[in-house]
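Asks: this one's sequence-less:
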């Protein structure tokens, strides 16, 4: 449920607006002054704020400025009389999301709120893992990012797909002295081989077939900031040579010209591949490896940091509720327990998609096992076992599955790929005390 804070000293108007939003499925809190608003915001979290411009002890823009100083980014609409619109426009320059004139047109307000909430949700989804885990291994990872951020060292981020490598790269950039300059991300696995040099270094019009205009390359676009090369192990050997030269010379030469363009960029790379193995196989240059790996950060798989699972699950549920206009309150006990036993081969990306899918299907207040995608439930090669086939191993498989499921027999049966009745019969047949 979306939590809304209304800052309005007109008690009748605030009550009317609160009732109307509640009917739309919002949870609404009302306060009547700047001071009350600050007190609420110190202890409570809101997804949206509606504020009158003029309040008994100050202006709504004061709350807005205070929020920005505390680095809280919440959609914020200023409500104002027609005569005060120039002041409201000024409020937008201070960081307000929008303004609306009184008397408020409810449908117009709803349209603005829906759009802003959708934009906020989309922004978060574009940065899939933009939330920090709380486990010890996550904390160690963030500590390393904090440590290297103020330097200009080239960072290599390693981890399997979906773990959040770009999030860590962005965090390093945002904590660096280059934070106000561009962060340019390049997906090395998605660049066609014949266009890779143009993507990195740019080209001039007419330099090759299809070059209908000049193009600024990623290195030049990131000047003064950070360039993030995702899945760098996918680059061809030829492009690796050109990339190494650009890094060494701090300059690039666009295709079709002999002019060198000086660059000043921080290099962060990421890979889900073992580059040492790629070097041995002759697929990756060792000299480039040492250039991009002045400092290494490994992101653990989600299954390695189970304490983070409920943190991310709640976060993705909140996102999904906003995007899909749902009001699912959480996960039932069986599903919550299953999340801890499931191996999450696709990591955070898979969890986000699974929670979004389940939120859409959910018909109750809480997500149930039946709401999850089928490929999470049906036994696969990485489930607790393959089907119970071998009598020699069945006893051990059953014990391990029940242990992983925290003694939940229904979950254990799902992990084993059998129905609950079959599992109970097996337990009885082997006289297992579980």
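Replies: Sure thing, it's come through. Please read these numbers as outputs of a predicted model, since none were measured by experiment.

Asks: can you map out the strands along the stretch 1-150 of the chain?
Replies: Listed in chain order, the strands found in the stretch 1-150 of the chain under DSSP state E, counting those that start in this stretch are 3-7, 27-31, 48-52, 54-55, 58-59, 76-81, 98-102.

Asks: a markdown table for the ones you listed, including distance to residue 215 and mean neighbour count?
Replies: Placement of C-beta: from N, CA and C, glycine included. Formatted as a markdown table, the strands of the stretch 1-150 of the chain follow (distance: least, CB to CB, whole Å; neighbours: other CB atoms under 10 Å):
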| stretch | distance to residue 215 | mean neighbour count |
| --- | --- | --- |
| strand 3-7 | 45 | 22 |
| strand 27-31 | 49 | 18 |
| strand 48-52 | 40 | 24 |
| strand 54-55 | 50 | 17 |
| strand 58-59 | 46 | 15 |
| strand 76-81 | 38 | 23 |
| strand 98-102 | 35 | 17 |
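
Asks: and of those, who's closest to residue 132?
Replies: Among the strands of the stretch 1-150 of the chain, strand 3-7 comes nearest to residue 132, with 20.7 Å by CB to CB.

Asks: would you mark the buried spots in stretch 57-70?
Replies: Across stretch 57-70, burial judged by 16 or more other CB atoms under 10 Å covers 59-64, 67.

Asks: ugh, wrong one, I meant stretch 188-202
Replies: By neighbour count on 16+ other CB under 10 Å, the buried set for stretch 188-202 is 188, 191, 196-202.

Asks: for residue 217, give me its contacts.
Replies: Neighbouring residues of residue 217 by CB atoms under 8 Å, 6 or more residues apart in numbering: 198-203, 252, 254.

Asks: leaving out chain neighbours, which residue sits closest to it?
Replies: residue 202 (3.3 Å; CB to CB, 6 or more residues apart in numbering).

Asks: rewinding a little: helices - which of the buried residues of stretch 188-202 land there?
Replies: 196-201 (DSSP state H).

Asks: let's have the residues you listed in JSON lines, adding distance to residue 234 and pLDDT.
Replies: As requested, these are exported to JSON lines (distance: CB to CB, whole Å; pLDDT from 0 to 100):
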{"residue": "196", "distance to residue 234": "10", "pLDDT": "87"}
{"residue": "197", "distance to residue 234": "15", "pLDDT": "90"}
{"residue": "198", "distance to residue 234": "17", "pLDDT": "88"}
{"residue": "199", "distance to residue 234": "13", "pLDDT": "87"}
{"residue": "200", "distance to residue 234": "13", "pLDDT": "92"}
{"residue": "201", "distance to residue 234": "18", "pLDDT": "92"}
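
Asks: ok, so of those residues, who is nearest residue 399?
Replies: Closest to residue 399, out of all of those and judged by CB to CB, is residue 196, at 52.1 Å.

Asks: residues contacting the closest one?
Replies: 188, 235-236, 239.

Asks: and the residues you listed, which of them are buried?
Replies: 188, 235, 239.

Asks: just give me the least confident of the residues you listed.
Replies: The member of the buried ones among the contacts of residue 196 with the lowest pLDDT is residue 188, at 88.

Asks: surely that residue and residue 240 touch.
Replies: No - taking CB atoms under 8 Å as the definition, residue 188 is not a contact partner of residue 240, at 10.2 Å.

Asks: I'd say residue 268 and residue 225 touch.
Replies: No - if you go by CB under 8 Å, residue 268 and residue 225 don't touch, sitting 10.7 Å apart.

Asks: between the contacts of residue 196, which is nearest residue 365?
Replies: Closest to residue 365, out of all of the contacts of residue 196 and judged by CB to CB, is residue 188, at 43.8 Å.

Asks: give me the phi and psi for residue 153.
Replies: With angles defined as degrees, to the nearest 10, residue 153 sits at phi -60, psi 140.

Asks: circling back: what's the overlap in contacts for residue 268 and residue 225?
Replies: residue 173.

Asks: neighbour count: the two, which is higher?
Replies: Between residue 268 and residue 225, residue 268 has the larger neighbour count (other CB atoms under 10 Å), namely 30 against 19.

Asks: list phi and psi for the more buried one.
Replies: The phi/psi pair for residue 268 (degrees, to the nearest 10) reads phi -130, psi 130.

Asks: distance check, it against residue 422.
Replies: According to CB to CB, to the nearest Å, residue 268 stands 51 Å off from residue 422.

Asks: and if you look at residue 282?
Replies: 51 Å.

Asks: who has more neighbours, those two?
Replies: residue 422 (13 against 8).

Asks: looking at this, that one is in a strand?
Replies: No - going by DSSP: H, G, I helix; E, B strand; the rest coil, the assignment for residue 422 is helix, not a strand.

Asks: how about it, nearest residue that isn't a chain neighbour?
Replies: residue 413 (7.2 Å).

Asks: for residue 204, same thing?
Replies: Once flanking residues are discounted, residue 204 sits nearest to residue 256: 4.0 Å by CB to CB, 6+ apart.

Asks: now residue 17
Replies: Using CB to CB, 6+ apart, the closest residue to residue 17 is residue 6 (6.0 Å).

Asks: how about the one you found, what does it touch?
Replies: Contacts of residue 6 (CB under 8 Å, 6+ apart): 14, 17-18, 21, 28-31, 49-51.
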